[in-house]
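Trainee: structural data only, the sequence is not supplied:
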């Protein structure tokens, strides 16, 4: 009998009681030196969460990168937003001869996940929500909208595989969309682009991993199959099995004491 490693199914539900979600973490990278000015609610300065690194190359091969890490300290709802104003501060930059765009990568505020095993969808989390920001003769405005997803994965413990009180490891990640609008006006020398961050919906999508079969259920199925096969065997060959015993006791002149009453 060949045992099949069953892929779990995903049950999707929605928590509609949420009114806001934490601002994602953002990672900007470019091959020219740049800076970012941040606005929260369209008026408040929100520059306390920038972490700038510009030595060495990042994973894209870019020499300059800026991380924006609110780490859950900024909450967005359907009525407020955050904007990034991006400026180039590199004398070698030539907008007419620029081959590589700037990259903006968004992660959930809890990423990277501390003290947890990497989720099964870690590859899609690390490569998803990545966008190229480009410059135009006017001003490019990128409207980035995100929503949050709560992923509940079965842990890999033996008891969970058996189906006894399954335990889950929980991860939050985001999905997103982006739209670009080009305005004809220019914001002056060095202005590269604007990225406006908004919440698409406060509703939390919940993905819960489930298994249709546990090891206990598989063993029960095997036991039931064995019982069925044994019953069929007895039905087909039961007379043949019992006949030698009957002949042994009925053809003997002196019946065995085991048969005496």
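Mentor: Noted; the coordinates are in hand. Just so you know, these numbers come straight off a predicted model, no measurement behind them.

Trainee: extract the residue ranges of the stretch 151-261 of the chain that are flagged as low pLDDT.
Mentor: Low-confidence regions of the stretch 151-261 of the chain, defined by pLDDT under 70, span residues 157-164, 212-228, 230-231, 233-261.

Trainee: again, only using 90
Mentor: 153-169, 183-190, 209-261 (pLDDT under 90).

Trainee: residue 68 contacts residue 26, correct?
Mentor: Yes. Counting by Cβ atoms under 8 Å, residue 26 is a contact partner of residue 68 at 4.2 Å. From N, CA and C alone the C-beta is placed, and that goes for glycine too.

Trainee: what is in contact with these two at once?
Mentor: Residues touching both residue 68 and residue 26 (Cβ atoms under 8 Å, 6 or more residues apart in numbering) are residue 84.

Trainee: if I look at residue 26, how far off is residue 66?
Mentor: In this structure, residue 26 and residue 66 are 8 Å apart, going by Cβ to Cβ, to the nearest Å.

Trainee: how many residues are close by residue 50?
Mentor: When neighbours are counted by other Cβ atoms under 10 Å, residue 50 registers 17.

Trainee: what residues are up against it?
Mentor: Contacts for residue 50 were tallied using Cβ under 8 Å, 6+ apart; they are 36, 38, 66, 67, 68, 69.

Trainee: now with 10 Å?
Mentor: By Cβ atoms under 10 Å, 6 or more residues apart in numbering, the residues touching residue 50 are 26, 28, 35, 36, 37, 38, 66, 67, 68, 69, 70.

Trainee: name the residue in residue 26 and residue 66 with the higher neighbour count.
Mentor: The neighbour count for residue 26 versus residue 66, taken as other Cβ under 10 Å, is higher for residue 26 (24 against 19).

Trainee: and the more buried one, how far from residue 17?
Mentor: Here residue 26 is placed at a distance of 27 Å from residue 17 (Cβ to Cβ).

Trainee: now do residue 98
Mentor: 46 Å.

Trainee: these two: which is more packed in?
Mentor: residue 98 (16 against 8).

Trainee: my read is that the more buried one contacts residue 31, right?
Mentor: Yes. If you go by Cβ atoms under 10 Å, residue 98 and residue 31 touch, sitting 8.7 Å apart.

Trainee: and the helices in the protein?
Mentor: Per DSSP state H, the chain carries helices over the ranges 122-127, 158-162, 215-250.

Trainee: residue 181: what's it in contact with?
Mentor: Going by Cβ under 10 Å, 6+ apart, the list of residues near residue 181 reads 138, 139, 140, 141, 142, 143, 194, 196.

Trainee: now with 7 Å?
Mentor: residue 141 (Cβ atoms under 7 Å, 6 or more residues apart in numbering).

Trainee: separation between it and residue 145?
Mentor: Residue 181 is 13 Å from residue 145, by Cβ to Cβ.

Trainee: now the end-to-end length of stretch 80-95.
Mentor: Using Cα to Cα, to the nearest Å, one end of stretch 80-95 lies 32 Å from the other.

Trainee: which outside residues touch that stretch?
Mentor: For stretch 80-95, contacts defined as Cβ under 7 Å, 6+ apart pick out 23, 32-42, 46, 76, 135, 190-198.

Trainee: just the buried ones from these?
Mentor: Buried by 16 or more other Cβ atoms under 10 Å: 23, 32, 34-36, 38-40, 46, 76, 135, 192-198, out of the contacts of stretch 80-95.

Trainee: count of residues packed around the residue nearest to residue 19 when sequence neighbours are not counted?
Mentor: Distances taken as Cβ to Cβ, 6 or more residues apart in numbering place residue 202 nearest to residue 19, at 5.5 Å, with adjacent residues excluded. Residue 202: 18 surrounding residues under other Cβ under 10 Å.

Trainee: all good on my end, thank you.
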